[in-house]
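J.: Okay, sequence plus prediction incoming.
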Amino acid sequence: MNKHKLILLVFFLFSIGFLFAQERNFEEEIEDTEKQIQLLQASIKKNNEEIQKVTSQEKTTSQLLSITKRNIRDSKNLITAYNKKLNLYNLQLTNLQTAVDKNNKEILTIKDNYKERSINIYKKKDTKMNNSIFTANSFSQAVYRIKYYNILSNINREMLGKLKTTQFYNKKKKIEIKQLLNNADSDKKSKENELNSLDKKKKYQEKLLVELQKEKQSIQEEITKQNTQINALEQLRKTILEQKKQYDTEQLNQLKKIRSNIKEFKGKLIWPVDGKIVKGFGPQWNPKLNTTLHNPGVDIAANPNASVRSVFDGLVTTITFISGYGTTVIVDHNDGYFTVFTHLDNLLVTKNMLVKEGQRIGFISQESQVVHFEIWGNNQTLNPKEWLRDGYR
């Protein structure tokens, strides 16, 4: 086994990874998919933490709302109690005022009666009273009648004093009740203000609770969406792995069939790029330098956006930069045969990568807009026109 066959065999074993990049980069697809899954899983974890936070806030707000509702209920009951208390105070004031008015009338009646009796006895000489005293059967009877009159007067005076005392305490009580009434009314108004504040607080908490529930639902929907995406990506990853396995089998089968005898395809090789030869192989006259220069290959002008292809199965052995030629790629075709491509940009191959006939190597350099193409064999440069299909067109 010669050197080049040994090289091909070695890279047959170690360049499977490079084969995957020829038409489809499975490893990159799997890596990208895995990154997306990890990002989504991290997002879901963050969303779950957020939903726990929102749930905690929702629970706290719900508890606060429940407390606020109880406070509102208790405040309303307290206001009802204050109203009852105010009604009782007002009723008590009415009763006291009635008692005061009644006492005033009784006082006036007693005063008037006492006044009238006194006037009748001492000024008008009430004959009835005088007769009652002076017509007595005995002196003791007369004295008894005078004492009765005095006792009656004393009772009236005592009653009058009691009425005045009662009147004093009634007025004092009335003042106290008015003060209590004012205090109760002030407490009621304060509780009504507190009730208004609680009602506003309740509305805010109800609104906040609705917003938290909406946020929780939104996060839950996002988690569901991301889980769906993860499931889809997981399925995609499985599909890619299955396709990779199938592709591996296909590539290995193709690798077994790789062609290695380029000599049998002289005059049948495909063109490296669709274009026209603008500088041929061999001696070329340069009118600017007034000299003849040897061209070891051919220069093919093509569309600036055209891609450059491998003309035969082989192994990329060299990727380098050569002054005057730019980026250069050399492909080994075994048995001492190589193809050379220069003036390339945006390469699609890597060193030690197996390539098939027609596989894209890169693109034409925008500066040169030509591809310099060479064929080496038996340690010498060969005329590409003799090797390319319809090379003399």
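T.: Everything's here; your move.
J.: How about the secondary structure of residue 392?
T.: Here residue 392 is recorded as coil under DSSP: H, G, I helix; E, B strand; the rest coil.
J.: For the remainder of this discussion, apply numbering that starts at 467.
T.: Right, with 467 as the first residue, what we last looked at is residue 858.
J.: doesn't residue 850 make contact with it?
T.: No - with contacts counted by CB atoms under 8 Å, residue 858 stays clear of residue 850, the gap being 10.7 Å. Any C-beta I mention is one placed from the backbone N, CA and C, and that applies to glycine too.
J.: Now do the helices in this protein.
T.: 469-480, 482-489, 492-588, 593-600, 605-722, 850-853 (DSSP state H).
J.: out of the ones you listed, deepest packed?
T.: helix 850-853 (a mean of 19; mean count of other CB atoms under 10 Å).
J.: That one - contacts with which helices or strands?
T.: strand 836-843 (3 or more CB pairs under 8 Å, 6 or more residues apart in numbering; DSSP states H and E).
J.: which one is the spatially most central residue of the chain nearest to, not counting chain neighbours?
T.: With distances taken as CA atoms, centre = their mean, the residue of the chain nearest its centroid is residue 685 (6.8 Å). Leaving aside its chain neighbours, residue 685 sits nearest to residue 517 (4.7 Å; criterion: CB to CB, 6 or more residues apart in numbering).
J.: which residues sit in contact with that neighbour?
T.: 682, 685, 686, 689 (CB atoms under 8 Å, 6 or more residues apart in numbering).
J.: Could you do residue 630 as well?
T.: residue 573.
J.: my read: residue 765 touches residue 837, true?
T.: Yes - using CB under 8 Å, residue 765 makes contact with residue 837 at a distance of 7.3 Å.
J.: if I look at residue 523, how far off is residue 686?
T.: Distance, residue 523 to residue 686, by CB to CB, to the nearest Å: 15 Å.
J.: same question, residue 532
T.: For residue 532, the distance to residue 686 (CB to CB) stands at 24 Å.
J.: quick one on the thing from earlier: out of the contacts of residue 517, which is nearest to residue 781?
T.: Of all those, residue 689 has the smallest distance to residue 781: 50.3 Å, by CB to CB.
J.: these two touch, right, the closest one and residue 511?
T.: No - contact criterion CB under 8 Å: residue 689 and residue 511 do not qualify, at 9.8 Å.
J.: More neighbours: residue 765 and residue 837, which one.
T.: Neighbour tally, residue 765 and residue 837, criterion other CB atoms under 10 Å: the higher count belongs to residue 837, 26 against 20.
J.: So what sits opposite that one in the bridge?
T.: residue 766 (DSSP bridges).
J.: and it, what does it touch?
T.: By CB under 8 Å, 6+ apart, the neighbours of residue 837 are 738, 739, 741, 765, 766, 768, 774, 807, 808, 809, 810, 830.
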